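In: below is the structure, and that's it, no one-letter string:
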(Lines give C-alpha, C1' and ligand atoms only; values in the text may rest on other atoms or scores of the structure.)
Protein backbone atom coordinates (compact mmCIF):
# COMPACT_ATOMS: atom_id res chain seq x y z
CA UNK A 1 0.00 0.00 0.00
CA UNK A 2 1.33 3.45 -0.90
CA UNK A 3 1.77 5.62 2.13
CA UNK A 4 -0.31 8.78 1.86
CA UNK A 5 1.37 12.10 2.66
CA UNK A 6 -1.30 13.36 5.04
CA UNK A 7 -0.37 16.99 4.37
CA UNK A 8 -1.17 16.59 0.65
CA UNK A 9 -4.83 15.59 0.90
CA UNK A 10 -7.81 17.81 1.67
CA UNK A 11 -9.97 15.42 3.68
CA UNK A 12 -9.23 13.36 6.75
CA UNK A 13 -10.89 10.40 5.03
CA UNK A 14 -8.31 10.43 2.21
CA UNK A 15 -5.60 10.50 4.88
CA UNK A 16 -7.24 7.57 6.68
CA UNK A 17 -8.07 9.51 9.86
CA UNK A 18 -11.18 10.87 11.63
CA UNK A 19 -11.54 14.62 11.14
CA UNK A 20 -11.53 17.03 14.10
CA UNK A 21 -10.36 14.54 16.75
CA UNK A 22 -6.88 14.55 18.26
CA UNK A 23 -5.28 13.46 21.49
CA UNK A 24 -2.43 14.81 23.60
CA UNK A 25 -0.56 12.80 26.19
CA UNK A 26 1.05 13.93 29.42
CA UNK A 27 3.66 11.32 30.37
CA UNK A 28 4.96 11.75 33.91
CA UNK A 29 8.27 10.26 35.03
CA UNK A 30 10.30 10.55 38.22
CA UNK A 31 14.10 10.29 38.33
CA UNK A 32 14.29 9.88 42.12
CA UNK A 33 14.56 13.65 42.60
CA UNK A 34 12.18 15.50 40.30
CA UNK A 35 8.87 14.99 38.56
CA UNK A 36 9.28 15.24 34.79
CA UNK A 37 7.15 15.37 31.63
CA UNK A 38 7.93 14.16 28.13
CA UNK A 39 8.02 16.99 25.56
CA UNK A 40 8.73 16.94 21.82
CA UNK A 41 10.23 19.77 19.77
CA UNK A 42 9.06 20.04 16.16
CA UNK A 43 11.68 20.50 13.42
CA UNK A 44 12.69 24.09 12.61
CA UNK A 45 9.84 25.70 14.54
CA UNK A 46 11.06 26.22 18.12
CA UNK A 47 7.63 24.78 18.99
CA UNK A 48 7.50 22.51 22.03
CA UNK A 49 4.50 20.23 22.44
CA UNK A 50 3.04 17.27 24.27
CA UNK A 51 3.26 14.09 22.17
CA UNK A 52 -0.06 13.86 20.33
CA UNK A 53 -1.74 12.58 17.21
CA UNK A 54 -4.89 11.54 15.41
CA UNK A 55 -7.30 8.60 15.30
CA UNK A 56 -7.41 6.31 12.27
CA UNK A 57 -10.77 5.52 10.72
CA UNK A 58 -10.68 1.86 11.82
CA UNK A 59 -9.04 2.22 15.18
CA UNK A 60 -10.46 2.81 18.66
CA UNK A 61 -9.49 5.99 20.45
CA UNK A 62 -7.49 4.08 23.06
CA UNK A 63 -5.62 2.11 20.40
CA UNK A 64 -4.84 5.33 18.54
CA UNK A 65 -3.27 6.84 21.64
CA UNK A 66 -1.13 3.76 22.30
CA UNK A 67 -0.03 3.55 18.66
CA UNK A 68 0.69 7.27 18.46
CA UNK A 69 2.76 7.24 21.62
CA UNK A 70 4.76 4.29 20.34
CA UNK A 71 5.41 5.97 16.98
CA UNK A 72 6.19 9.39 18.39
CA UNK A 73 8.25 8.53 21.46
CA UNK A 74 9.29 4.90 21.06
CA UNK A 75 7.45 4.00 24.30
CA UNK A 76 5.39 0.82 24.24
CA UNK A 77 3.04 -0.93 26.67
CA UNK A 78 2.26 2.25 28.57
CA UNK A 79 -0.97 2.33 30.56
CA UNK A 80 -2.65 5.64 29.71
CA UNK A 81 -5.77 7.11 31.21
CA UNK A 82 -8.08 9.81 29.88
CA UNK A 83 -8.44 12.89 32.03
CA UNK A 84 -10.17 15.69 30.08
CA UNK A 85 -11.33 16.78 26.63
CA UNK A 86 -10.18 20.16 25.36
CA UNK A 87 -12.82 21.61 23.07
CA UNK A 88 -12.61 25.41 23.27
CA UNK A 89 -12.59 27.64 20.20
CA UNK A 90 -9.42 29.40 21.41
CA UNK A 91 -7.33 26.27 20.82
CA UNK A 92 -8.04 26.47 17.08
CA UNK A 93 -4.86 28.08 15.68
CA UNK A 94 -4.31 26.77 12.13
CA UNK A 95 -1.19 28.93 11.73
CA UNK A 96 0.61 26.78 14.31
CA UNK A 97 -0.23 23.58 12.46
CA UNK A 98 0.91 25.15 9.18
CA UNK A 99 4.22 26.14 10.77
CA UNK A 100 4.78 22.56 11.95
CA UNK A 101 4.07 21.13 8.50
CA UNK A 102 6.35 23.64 6.79
CA UNK A 103 9.06 23.08 9.41
CA UNK A 104 8.91 19.41 8.51
CA UNK A 105 9.33 20.23 4.81
CA UNK A 106 5.67 19.87 3.79
CA UNK A 107 3.65 22.60 2.14
CA UNK A 108 0.04 21.63 2.92
CA UNK A 109 -2.54 21.56 0.14
CA UNK A 110 -5.28 24.17 0.20
CA UNK A 111 -8.06 23.25 2.65
CA UNK A 112 -5.87 20.54 4.18
CA UNK A 113 -7.79 18.71 6.93
CA UNK A 114 -4.88 19.23 9.34
CA UNK A 115 -5.68 22.96 9.32
CA UNK A 116 -9.25 22.31 10.57
CA UNK A 117 -10.43 22.68 14.14
CA UNK A 118 -9.52 19.78 16.47
CA UNK A 119 -10.98 18.71 19.76
CA UNK A 120 -8.31 16.96 21.79
CA UNK A 121 -8.66 14.18 24.34
CA UNK A 122 -6.07 14.44 27.11
CA UNK A 123 -4.44 11.22 28.35
CA UNK A 124 -1.87 10.84 31.11
CA UNK A 125 0.45 8.11 32.31
CA UNK A 126 2.77 7.68 35.28
CA UNK A 127 5.72 5.63 34.11
CA UNK A 128 8.94 4.24 35.47
CA UNK A 129 11.51 6.75 34.26
CA UNK A 130 14.36 4.25 34.38
CA UNK A 131 12.69 1.66 32.18
CA UNK A 132 12.22 3.85 29.11
CA UNK A 133 14.32 5.53 26.50
CA UNK A 134 12.21 8.02 24.56
CA UNK A 135 13.09 8.54 20.89
CA UNK A 136 11.98 11.44 18.67
CA UNK A 137 9.96 10.56 15.56
CA UNK A 138 10.43 11.97 12.07
CA UNK A 139 8.43 15.11 12.94
CA UNK A 140 10.58 16.08 15.90
CA UNK A 141 14.11 17.20 16.71
CA UNK A 142 13.88 15.85 20.21
CA UNK A 143 11.68 13.98 22.65
CA UNK A 144 13.01 14.65 26.15
CA UNK A 145 12.13 14.76 29.81
CA UNK A 146 11.67 18.23 31.30
CA UNK A 147 11.32 19.05 34.99
CA UNK A 148 7.71 19.96 35.74
CA UNK A 149 8.77 23.35 37.09
CA UNK A 150 11.13 24.08 34.19
CA UNK A 151 9.00 23.35 31.13
CA UNK A 152 9.71 25.26 27.93
CA UNK A 153 6.88 27.44 26.61
CA UNK A 154 4.44 24.96 25.10
CA UNK A 155 2.41 25.54 21.94
CA UNK A 156 -1.35 26.12 21.79
CA UNK A 157 -3.14 25.21 25.04
CA UNK A 158 -0.61 22.55 26.06
CA UNK A 159 0.40 24.40 29.24
CA UNK A 160 -3.24 24.25 30.33
CA UNK A 161 -3.39 20.54 29.43
CA UNK A 162 -0.41 19.89 31.73
CA UNK A 163 -2.06 21.92 34.53
CA UNK A 164 -5.28 19.93 34.16
CA UNK A 165 -3.36 16.62 34.22
CA UNK A 166 -1.70 17.68 37.48
CA UNK A 167 -5.07 18.68 38.91
CA UNK A 168 -6.44 15.24 38.02
CA UNK A 169 -3.49 13.50 39.67
CA UNK A 170 -4.14 15.37 42.92
CA UNK A 171 -7.52 13.68 43.31
CA UNK A 172 -6.90 10.26 44.84
CA UNK A 173 -3.15 10.61 44.44
CA UNK A 174 -2.46 7.66 46.77
CA UNK A 175 -4.50 5.34 44.59
CA UNK A 176 -2.85 6.52 41.37
CA UNK A 177 0.65 6.10 42.75
CA UNK A 178 -0.18 2.60 43.95
CA UNK A 179 -1.75 1.61 40.63
CA UNK A 180 0.77 3.09 38.22
CA UNK A 181 4.53 2.83 37.92
CA UNK A 182 5.88 6.28 38.70
CA UNK A 183 8.18 5.01 41.43
CA UNK A 184 10.57 2.06 41.24
CA UNK A 185 9.35 -1.02 43.09
CA UNK A 186 11.26 0.00 46.21
CA UNK A 187 11.66 3.63 47.21
CA UNK A 188 12.67 5.75 50.18
CA UNK A 189 10.27 7.90 52.16
CA UNK A 190 12.12 10.94 50.85
CA UNK A 191 11.49 9.90 47.24
CA UNK A 192 7.82 9.35 47.96
CA UNK A 193 7.61 12.75 49.64
CA UNK A 194 9.28 14.42 46.65
CA UNK A 195 6.67 12.93 44.32
CA UNK A 196 3.83 14.19 46.51
CA UNK A 197 5.35 17.65 46.82
CA UNK A 198 5.90 17.94 43.05
CA UNK A 199 2.35 16.94 42.21
CA UNK A 200 0.70 18.94 44.99
CA UNK A 201 2.93 21.94 44.27
CA UNK A 202 3.72 22.53 47.93
CA UNK A 203 6.23 21.50 50.58
CA UNK A 204 5.17 19.11 53.33
CA UNK A 205 6.85 18.74 56.75
CA UNK A 206 8.89 15.54 56.78
CA UNK A 207 7.52 14.22 60.07
CA UNK A 208 3.92 15.05 59.15
CA UNK A 209 4.27 13.35 55.78
CA UNK A 210 5.86 10.21 57.21
CA UNK A 211 3.22 9.83 59.93
CA UNK A 212 0.37 10.36 57.47
CA UNK A 213 1.75 7.90 54.88
CA UNK A 214 2.35 5.17 57.44
CA UNK A 215 -1.18 5.65 58.84
CA UNK A 216 -2.72 4.95 55.44
CA UNK A 217 -1.56 1.33 55.69
CA UNK A 218 -0.53 1.09 52.04
CA UNK A 219 3.24 0.70 52.52
CA UNK A 220 5.47 -2.25 53.33
CA UNK A 221 8.70 -1.34 55.12
CA UNK A 222 11.60 -3.61 54.21
CA UNK A 223 14.38 -4.71 56.52
CA UNK A 224 17.74 -3.11 55.86
CA UNK A 225 20.11 -5.64 54.42
CA UNK A 226 23.76 -5.68 55.34
CA UNK A 227 25.54 -4.22 52.34
CA UNK A 228 28.82 -2.96 53.72
CA UNK A 229 27.47 0.55 53.36
CA UNK A 230 26.59 3.00 56.11
CA UNK A 231 24.13 1.79 58.72
CA UNK A 232 22.45 5.15 58.25
CA UNK A 233 21.03 4.08 54.88
CA UNK A 234 17.31 4.95 54.86
CA UNK A 235 14.59 2.35 55.05
CA UNK A 236 13.04 1.39 51.75
CA UNK A 237 9.34 0.86 51.16
CA UNK A 238 7.08 -0.70 48.58
CA UNK A 239 3.34 -0.45 48.02
CA UNK A 240 1.33 -3.33 49.45
CA UNK A 241 0.07 -5.60 46.68
CA UNK A 242 -3.51 -5.33 47.90
CA UNK A 243 -3.39 -1.57 48.51
CA UNK B 1 -31.13 32.05 7.32
CA UNK B 2 -32.74 28.89 5.99
CA UNK B 3 -32.58 26.06 8.46
CA UNK B 4 -30.70 23.09 7.00
CA UNK B 5 -32.28 19.65 7.35
CA UNK B 6 -29.19 17.91 8.71
CA UNK B 7 -30.34 14.53 7.42
CA UNK B 8 -30.35 15.85 3.83
CA UNK B 9 -26.69 16.85 3.51
CA UNK B 10 -23.70 14.59 3.06
CA UNK B 11 -21.08 16.49 5.04
CA UNK B 12 -21.07 17.73 8.61
CA UNK B 13 -19.75 21.05 7.33
CA UNK B 14 -22.87 21.63 5.23
CA UNK B 15 -24.95 20.84 8.32
CA UNK B 16 -22.89 23.31 10.37
CA UNK B 17 -21.43 20.69 12.73
CA UNK B 18 -18.07 19.02 13.40
CA UNK B 19 -17.91 15.51 11.96
CA UNK B 20 -17.33 12.46 14.18
CA UNK B 21 -17.86 14.22 17.55
CA UNK B 22 -20.91 13.75 19.73
CA UNK B 23 -21.74 13.99 23.41
CA UNK B 24 -24.10 12.09 25.69
CA UNK B 25 -25.32 13.36 29.03
CA UNK B 26 -26.22 11.44 32.17
CA UNK B 27 -28.48 13.67 34.26
CA UNK B 28 -28.99 12.36 37.79
CA UNK B 29 -31.92 13.45 39.93
CA UNK B 30 -33.24 12.34 43.32
CA UNK B 31 -36.90 12.46 44.32
CA UNK B 32 -36.28 11.92 48.03
CA UNK B 33 -36.53 8.16 47.63
CA UNK B 34 -34.75 6.98 44.49
CA UNK B 35 -31.89 7.98 42.25
CA UNK B 36 -33.10 8.65 38.70
CA UNK B 37 -31.73 9.35 35.24
CA UNK B 38 -33.22 11.36 32.40
CA UNK B 39 -33.94 9.21 29.30
CA UNK B 40 -35.45 10.14 25.92
CA UNK B 41 -37.42 7.86 23.63
CA UNK B 42 -37.09 8.49 19.89
CA UNK B 43 -40.24 8.62 17.75
CA UNK B 44 -41.51 5.31 16.34
CA UNK B 45 -38.35 3.36 17.17
CA UNK B 46 -38.75 1.97 20.71
CA UNK B 47 -35.17 3.25 21.12
CA UNK B 48 -34.34 4.73 24.52
CA UNK B 49 -31.26 6.91 24.81
CA UNK B 50 -29.36 9.40 26.91
CA UNK B 51 -29.94 12.97 25.75
CA UNK B 52 -27.10 13.74 23.35
CA UNK B 53 -26.09 15.78 20.35
CA UNK B 54 -23.39 17.30 18.19
CA UNK B 55 -20.98 20.24 18.26
CA UNK B 56 -21.47 23.21 15.93
CA UNK B 57 -18.50 24.42 13.93
CA UNK B 58 -18.26 27.70 15.84
CA UNK B 59 -19.14 26.51 19.30
CA UNK B 60 -17.02 25.15 22.14
CA UNK B 61 -17.66 21.59 23.28
CA UNK B 62 -19.00 22.77 26.65
CA UNK B 63 -21.36 25.28 25.00
CA UNK B 64 -22.61 22.57 22.65
CA UNK B 65 -23.51 20.31 25.56
CA UNK B 66 -25.36 23.08 27.40
CA UNK B 67 -27.22 24.13 24.24
CA UNK B 68 -28.07 20.56 23.32
CA UNK B 69 -29.40 19.75 26.76
CA UNK B 70 -31.55 22.89 26.70
CA UNK B 71 -32.96 22.04 23.26
CA UNK B 72 -33.51 18.35 23.96
CA UNK B 73 -34.83 18.40 27.53
CA UNK B 74 -35.82 21.99 28.25
CA UNK B 75 -33.32 22.14 31.11
CA UNK B 76 -31.22 25.29 31.36
CA UNK B 77 -28.35 26.46 33.57
CA UNK B 78 -27.27 22.93 34.43
CA UNK B 79 -23.69 22.47 35.61
CA UNK B 80 -22.32 19.51 33.65
CA UNK B 81 -18.99 17.81 34.04
CA UNK B 82 -17.10 15.57 31.62
CA UNK B 83 -16.34 12.08 32.83
CA UNK B 84 -15.18 9.89 29.94
CA UNK B 85 -14.81 9.69 26.16
CA UNK B 86 -16.30 6.68 24.39
CA UNK B 87 -14.25 5.89 21.31
CA UNK B 88 -14.51 2.16 20.61
CA UNK B 89 -15.27 0.72 17.18
CA UNK B 90 -18.14 -1.34 18.61
CA UNK B 91 -20.22 1.77 19.23
CA UNK B 92 -20.36 2.48 15.49
CA UNK B 93 -23.81 1.16 14.47
CA UNK B 94 -25.07 3.28 11.55
CA UNK B 95 -28.27 1.19 11.34
CA UNK B 96 -29.42 2.62 14.67
CA UNK B 97 -28.91 6.18 13.51
CA UNK B 98 -30.77 5.43 10.30
CA UNK B 99 -33.68 3.99 12.28
CA UNK B 100 -33.87 7.18 14.37
CA UNK B 101 -33.89 9.40 11.30
CA UNK B 102 -36.55 7.31 9.57
CA UNK B 103 -38.61 7.16 12.77
CA UNK B 104 -38.57 10.95 12.78
CA UNK B 105 -39.78 11.03 9.17
CA UNK B 106 -36.44 11.71 7.49
CA UNK B 107 -34.91 9.51 4.85
CA UNK B 108 -31.19 10.35 5.03
CA UNK B 109 -29.26 11.18 1.86
CA UNK B 110 -26.65 8.69 0.71
CA UNK B 111 -23.37 9.08 2.61
CA UNK B 112 -25.11 11.26 5.19
CA UNK B 113 -22.58 12.47 7.81
CA UNK B 114 -24.93 11.28 10.60
CA UNK B 115 -24.23 7.69 9.52
CA UNK B 116 -20.47 8.13 10.08
CA UNK B 117 -18.56 6.94 13.12
CA UNK B 118 -18.86 9.18 16.20
CA UNK B 119 -16.69 9.46 19.26
CA UNK B 120 -18.82 10.60 22.18
CA UNK B 121 -17.85 12.69 25.18
CA UNK B 122 -19.78 11.70 28.32
CA UNK B 123 -21.01 14.48 30.62
CA UNK B 124 -22.90 14.12 33.86
CA UNK B 125 -24.84 16.40 36.18
CA UNK B 126 -26.44 16.04 39.59
CA UNK B 127 -29.53 18.22 39.64
CA UNK B 128 -32.34 19.15 41.95
CA UNK B 129 -35.17 16.95 40.77
CA UNK B 130 -37.85 19.27 42.11
CA UNK B 131 -36.64 22.37 40.30
CA UNK B 132 -36.90 20.99 36.76
CA UNK B 133 -39.57 19.95 34.34
CA UNK B 134 -37.99 18.04 31.44
CA UNK B 135 -39.68 18.39 28.02
CA UNK B 136 -39.16 16.15 24.98
CA UNK B 137 -37.85 17.82 21.80
CA UNK B 138 -39.11 17.26 18.27
CA UNK B 139 -37.04 14.06 17.90
CA UNK B 140 -38.53 12.35 20.93
CA UNK B 141 -41.81 10.97 22.19
CA UNK B 142 -40.80 11.44 25.78
CA UNK B 143 -38.07 12.73 28.07
CA UNK B 144 -38.61 11.22 31.50
CA UNK B 145 -36.96 10.25 34.75
CA UNK B 146 -36.29 6.52 35.22
CA UNK B 147 -35.15 4.84 38.42
CA UNK B 148 -31.51 3.88 38.14
CA UNK B 149 -32.34 0.23 38.84
CA UNK B 150 -35.29 0.17 36.41
CA UNK B 151 -33.85 1.68 33.25
CA UNK B 152 -35.30 0.58 29.90
CA UNK B 153 -32.87 -1.15 27.52
CA UNK B 154 -30.75 1.68 26.17
CA UNK B 155 -29.47 1.94 22.59
CA UNK B 156 -25.85 1.52 21.49
CA UNK B 157 -23.36 1.69 24.39
CA UNK B 158 -25.55 3.93 26.56
CA UNK B 159 -25.88 1.34 29.34
CA UNK B 160 -22.10 1.34 29.61
CA UNK B 161 -22.06 5.14 29.61
CA UNK B 162 -24.44 5.14 32.60
CA UNK B 163 -22.27 2.55 34.40
CA UNK B 164 -19.15 4.64 33.83
CA UNK B 165 -20.93 7.79 35.10
CA UNK B 166 -21.87 5.92 38.29
CA UNK B 167 -18.30 4.70 38.65
CA UNK B 168 -17.07 8.29 38.35
CA UNK B 169 -19.53 9.49 40.98
CA UNK B 170 -18.25 6.90 43.45
CA UNK B 171 -14.81 8.53 43.50
CA UNK B 172 -15.01 11.46 45.90
CA UNK B 173 -18.76 11.11 46.26
CA UNK B 174 -18.87 13.40 49.32
CA UNK B 175 -17.28 16.23 47.38
CA UNK B 176 -19.61 15.83 44.42
CA UNK B 177 -22.73 15.80 46.58
CA UNK B 178 -21.56 18.92 48.39
CA UNK B 179 -20.71 20.75 45.16
CA UNK B 180 -23.73 19.82 43.06
CA UNK B 181 -27.48 20.03 43.67
CA UNK B 182 -28.71 16.46 43.83
CA UNK B 183 -30.33 16.96 47.23
CA UNK B 184 -32.65 19.78 48.29
CA UNK B 185 -30.98 22.36 50.53
CA UNK B 186 -32.21 20.54 53.64
CA UNK B 187 -32.47 16.77 53.79
CA UNK B 188 -32.86 13.95 56.28
CA UNK B 189 -30.13 11.45 57.13
CA UNK B 190 -32.29 8.77 55.54
CA UNK B 191 -32.44 10.69 52.25
CA UNK B 192 -28.68 11.14 52.28
CA UNK B 193 -28.20 7.44 52.99
CA UNK B 194 -30.52 6.51 50.10
CA UNK B 195 -28.43 8.61 47.71
CA UNK B 196 -25.22 6.93 48.87
CA UNK B 197 -26.73 3.46 48.62
CA UNK B 198 -28.09 4.09 45.10
CA UNK B 199 -24.77 5.36 43.81
CA UNK B 200 -22.61 2.79 45.58
CA UNK B 201 -25.03 0.00 44.66
CA UNK B 202 -25.01 -1.51 48.15
CA UNK B 203 -26.86 -1.20 51.42
CA UNK B 204 -25.19 0.45 54.39
CA UNK B 205 -26.07 -0.07 58.06
CA UNK B 206 -27.97 2.95 59.32
CA UNK B 207 -25.89 3.47 62.45
CA UNK B 208 -22.60 3.00 60.61
CA UNK B 209 -23.65 5.45 57.92
CA UNK B 210 -24.78 8.11 60.37
CA UNK B 211 -21.61 7.89 62.47
CA UNK B 212 -19.38 8.05 59.41
CA UNK B 213 -21.21 11.02 57.85
CA UNK B 214 -21.18 13.03 61.07
CA UNK B 215 -17.47 12.32 61.52
CA UNK B 216 -16.67 13.89 58.15
CA UNK B 217 -17.66 17.30 59.51
CA UNK B 218 -19.44 18.39 56.33
CA UNK B 219 -23.01 18.54 57.71
CA UNK B 220 -24.94 21.13 59.67
CA UNK B 221 -27.74 19.73 61.83
CA UNK B 222 -30.71 22.04 62.16
CA UNK B 223 -32.92 22.46 65.20
CA UNK B 224 -36.37 20.97 64.89
CA UNK B 225 -38.96 23.69 64.62
CA UNK B 226 -42.32 23.41 66.29
CA UNK B 227 -44.73 22.61 63.49
CA UNK B 228 -47.67 21.01 65.20
CA UNK B 229 -46.50 17.69 63.73
CA UNK B 230 -45.09 14.71 65.54
CA UNK B 231 -42.11 15.32 67.77
CA UNK B 232 -40.64 12.26 66.16
CA UNK B 233 -39.97 14.15 62.92
CA UNK B 234 -36.37 13.43 61.91
CA UNK B 235 -33.60 15.98 62.14
CA UNK B 236 -32.78 17.77 58.91
CA UNK B 237 -29.28 18.54 57.71
CA UNK B 238 -27.58 20.76 55.15
CA UNK B 239 -24.06 20.74 53.75
CA UNK B 240 -21.71 23.26 55.39
CA UNK B 241 -21.02 26.17 53.05
CA UNK B 242 -17.27 25.73 53.36
CA UNK B 243 -17.37 21.93 53.04
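Out: Sure thing, it's come through. Just so you know, these numbers come straight off a predicted model, no measurement behind them.

In: C-alpha from now on. contacts and neighbour counts both.
Out: OK.

In: name the next helix or strand following the biggest strand by length in chain A along the chain.
Out: Ranked by number of residues, the top strand in chain A under DSSP state E is strand A:17-30. Using DSSP states H and E, the helix or strand that follows strand A:17-30 towards the C-terminus is strand A:35-42.

In: hey, what's the residue most central in space within chain A bridged with?
Out: Central residue of chain A (C-alpha atoms, centre = their mean): residue A:27, 1.7 Å from the mean position. Beta-bridge partners for residue A:27, by DSSP bridges, are residue A:125.

In: tell me the contacts of it?
Out: Applying C-alpha atoms under 8 Å, 6 or more residues apart in numbering or on different chains, we find residue A:27 in contact with A:37-38, A:124-127.

In: same check on residue A:118?
Out: Contacts of residue A:118 (C-alpha under 8 Å, 6+ apart): A:19-22, A:87, A:92.

In: okay, these in TSV with distance to residue B:136 next?
Out: Output for the contacts of residue A:118, formatted as TSV (distance: C-alpha to C-alpha, whole Å):
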residue	distance to residue B:136
A:19	31
A:20	30
A:21	30
A:22	33
A:87	27
A:92	34
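
In: can you select the buried ones from the residues you listed in ChimeraX?
Out: The buried subset of these, as determined by 16 or more other C-alpha atoms under 10 Å in any protein chain shown, is captured in ChimeraX by this line:
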select /A:19,20,21,22,87,92
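
In: which of the contacts of residue A:118 lies closest to chain B?
Out: Using C-alpha to the nearest C-alpha, residue A:87 is the member of the contacts of residue A:118 that sits closest to chain B, with 4.8 Å.

In: surely the closest one touches residue B:63?
Out: No - judged on C-alpha atoms under 8 Å, residue A:87 makes no contact with residue B:63 at a distance of 9.5 Å.

In: tally of neighbours for the residue nearest to residue A:92 when sequence neighbours are not counted?
Out: Using C-alpha to C-alpha, 6 or more residues apart in numbering or on different chains and skipping the chain neighbours, the partner closest in space to residue A:92 is residue A:117 (5.4 Å). Using other C-alpha atoms under 10 Å in any protein chain shown, residue A:117 has 22 other residues around it.

In: cool, residue A:84 as well?
Out: 21.

In: now the spatially closest residue to it that is not a sequence neighbour: phi and psi?
Out: Distances taken as C-alpha to C-alpha, 6+ apart put residue A:122 closest to residue A:84, at 5.2 Å, once the chain neighbours are dropped. Main-chain dihedrals, residue A:122, degrees, to the nearest 10: phi -90, psi 130.

In: now do residue A:73, the pLDDT please.
Out: Residue A:73 carries a pLDDT value of 89.

In: for it, give its distance to chain B.
Out: Here residue A:73 is placed at a distance of 23 Å from chain B (C-alpha to the nearest C-alpha, to the nearest Å).

In: just checking, that residue touches residue A:137?
Out: Yes - at 6.5 Å, residue A:73 counts as touching residue A:137 under the criterion of C-alpha under 8 Å.

In: which residues touch stretch A:157-176?
Out: A:26, A:49-50, A:83-84, A:86, A:91, A:122, A:124, A:153, A:199-200.

In: okay, and residue A:177 sits in which element?
Out: helix A:173-179.

In: what comes up buried for that helix?
Out: Those would be A:177-178, for helix A:173-179 by 16+ other C-alpha under 10 Å.

In: off-centre distance for it?
Out: Centroid separation for helix A:173-179 versus its chain: 16 Å, with C-alpha atoms, centre = their mean, to the nearest Å.

In: after it comes which helix or strand?
Out: strand A:187-188.

In: between the very next helix or strand once past that next one and strand A:35-42, how big is the angle?
Out: Using DSSP H and E, the helix or strand that follows strand A:187-188 in sequence is helix A:189-200. Helix A:189-200 and strand A:35-42 meet at an angle of 50 degrees, taking axes from the mean of the first three to the mean of the last three C-alpha atoms, to 10 degrees as the criterion.

In: state the mean pLDDT of helix A:189-200.
Out: 93.

In: which elements pack onto the helix or strand following it?
Out: For helix A:189-200, the following helix or strand on the C-terminal side (DSSP H and E) is helix A:206-216. For helix A:206-216, the packing partners by 3 or more C-alpha pairs under 8 Å, 6 or more residues apart in numbering or on different chains; DSSP states H and E come out as helix A:189-200.

In: residue A:219: how many residues sit nearby?
Out: Residues near residue A:219, counting by other C-alpha under 10 Å: 17.

In: list the contacts of it.
Out: Residue A:219 touches A:213, A:237-240, counting by C-alpha under 8 Å, 6+ apart.

In: just the buried subset of the residues you listed, please.
Out: Looks like the contacts of residue A:219 have A:237-239 buried, using 16+ other C-alpha under 10 Å.

In: tell me the one of the residues you listed nearest chain B?
Out: residue A:239 (20.7 Å).

In: how close does that closest one sit to residue B:215?
Out: 28 Å (C-alpha to C-alpha, to the nearest Å).

In: now swap in residue A:37 and tell me
Out: For residue A:37, the distance to residue B:215 equals 39 Å [C-alpha to C-alpha].

In: those two - which one has more neighbours?
Out: residue A:37 (22 against 10).

In: if we can go back for a sec, of the contacts of residue A:27, closest to chain B?
Out: For those, the residue nearest chain B by C-alpha to the nearest C-alpha is residue A:124; the value is 13.4 Å.

In: show me what contacts the closest one?
Out: A:25-28, A:80-83, A:165.

In: mind giving me CSV with these and columns for pLDDT and distance to residue B:189?
Out: Conversion of those to CSV gives the following (pLDDT from 0 to 100; distance: C-alpha to C-alpha, whole Å):
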residue, pLDDT, distance to residue B:189
A:25, 97, 43
A:26, 97, 42
A:27, 95, 43
A:28, 95, 42
A:80, 93, 39
A:81, 94, 36
A:82, 96, 35
A:83, 96, 33
A:165, 97, 36
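
In: ok so, going back, which of residue A:73 and residue A:137 has more neighbours?
Out: residue A:73 (23 against 17).

In: show me which residues of chain A sit near chain B.
Out: Counting by C-alpha under 8 Å from any C-alpha of the partner chain, the residues of chain A lying close to chain B are A:18-21, A:58-62, A:82-89, A:121.

In: again, 6 Å this time
Out: Residues of chain A lying close to chain B (C-alpha under 6 Å from any C-alpha of the partner chain) are A:60-61, A:87-89.

In: what subset of these is buried?
Out: Buried among the residues of chain A next to chain B by 16+ other C-alpha under 10 Å: A:60-61, A:87-88.

In: residue A:144 - that's part of a strand, no?
Out: Yes - under DSSP: H, G, I helix; E, B strand; the rest coil, residue A:144 falls within a strand.

In: for chain A, what helix or strand is lowest in average pLDDT?
Out: Within chain A, no helix or strand scores below helix A:173-179, which has a mean of 89 by mean pLDDT, DSSP states H and E.

In: quickly find the element holding residue A:99.
Out: helix A:94-103.

In: give me the buried positions along that helix.
Out: Neighbour-count burial for helix A:94-103, counted by 16+ other C-alpha under 10 Å, picks out A:97-103.

In: looking at those, which is nearest chain B?
Out: After measuring the buried residues of helix A:94-103 against chain B - C-alpha to the nearest C-alpha - the closest member comes out as residue A:97, at 18.3 Å.

In: which pLDDT value belongs to the nearest residue to the closest one once chain neighbours are set aside?
Out: Of all residues not flanking residue A:97 in the chain, residue A:115 sits nearest, at 6.3 Å (C-alpha to C-alpha, 6+ apart). Note for residue A:115: predicted pLDDT of 96.

In: before I go, just wanted to say thanks for your time.
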